[in-house]
Structure formats: C-alpha cells, structure tokens
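Asker: Sequence first, predicted model second:
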Amino acid sequence: MKHIVKVEKIAGVVFALSKQAWHPPLLQEHIKELQIYYKKDHNGLNLLTNPLPGIDEQLFLDSVKMYHITEIDALQAIKTHGLEGAVQIRDYVLQQAARYKEKKRRSSRYRRLYDAVFS
C-alpha cells in the first residue's frame with residue numbers, strides 16, 4: 001500500500017503527515033437492506049389496482065422525482081402520513097440538505113482562508 005508523506009509547517013511547528021491510499025469499504029449491510037426492500041411485495045401500492053393520484057398527489061410525485069424518489073415510495077409516504085405530512089417531510093429534508101450544504105460551503109471557505117494564512 002502506498003504511503004504519502006507530507007511535511008507541513010504551521011506556526012513554527014513542523015508536522016509530518018503520513019497518509020495511506022483509502023478505498024471505501026464494501027457496505028454489505030446496506031446491500032442486504034436494499035435487496036430486502038426490493039424483494040418486498042408492493043401490491044398495496046400497485047398503480048393498476050389503486051386509483052390514479054389526484055392533481056395534488058401528482059404534483060407531489062413530480063416534485064420528488066428530481067430527487068430520485070420512486071413513485072412507490074412517494075405513494076407509501078402519502079398512504080402513511082397523508083399528503084400534507086408527506087409534503088412536510090419533503091420540505092424538512094430539503095431544508096436540512098440546504099443547511100448541510102451551506103455549513104459545508106462555509107467550512108470549505110474557512111479551510112481555504114486558514115491555508116492561505118498559515119501556508
């Protein structure tokens with residue numbers, strides 16, 4: 001395995017950083033969870049046996065498609081939480097994702113400033 005050694009001086013202190021090449025772990029548990037999910041029987045949400053969604057439901061389904069949410073999952077959310085609850089969940093998740101993205105952006109900006117000052 002290849003080791004990368006980097007020497008860095010910060011505020012007069014010399015650091016020798018040693019890094020190894022990293023490979024993501026094989027996530028067997030996640031694969032098993034997905035396999036179980038896709039083996040589930042979704043007959044209760046079969047579009048052929050259930051009536052077509054109304055205008056509001058269809059707008060919700062269209063709004064989550066861009067986030068790669070399947071129609072079956074969106075219909076399950078509507079069935080479980082009602083349309084209003086599913087919309088609230090979607091909005092909350094989007095809000096949290098935006099907050100995380102902003103936090104990450106600010107952190108990145110701070111890192112660049114730190115590197116510029118102490119390099």
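Answerer: Perfect, thanks for sending it.

Asker: C-alpha from now on. contacts and neighbour counts both.
Answerer: OK.

Asker: which other helices and strands contact the strand or helix carrying Ser108?
Answerer: Using DSSP states H and E, Ser108 sits within helix 71-118. Helices and strands touching helix 71-118, as assessed by 3 or more C-alpha pairs under 8 Å, 6 or more residues apart in numbering; DSSP states H and E, comprise helix 55-65.

Asker: quick check: angle from the helix it packs on to helix 71-118?
Answerer: Calculated by axes from the mean of the first three to the mean of the last three C-alpha atoms, to 10 degrees, helix 55-65 forms an angle of 40 degrees with helix 71-118.

Asker: helices or strands up against helix 55-65?
Answerer: helix 71-118.

Asker: Let me see the mean pLDDT of the helix it packs on.
Answerer: Helix 71-118 shows a mean pLDDT of 84.

Asker: what's the distance between it and the middle of its chain?
Answerer: Distance, stretch centre to chain centre, for helix 71-118: 8 Å (C-alpha atoms, centre = their mean, to the nearest Å).

Asker: residue nearest the centroid of the chain?
Answerer: The centroid of the chain falls nearest to Ala97 when counting by C-alpha atoms, centre = their mean (7.8 Å).

Asker: Thanks a lot, see you next time.
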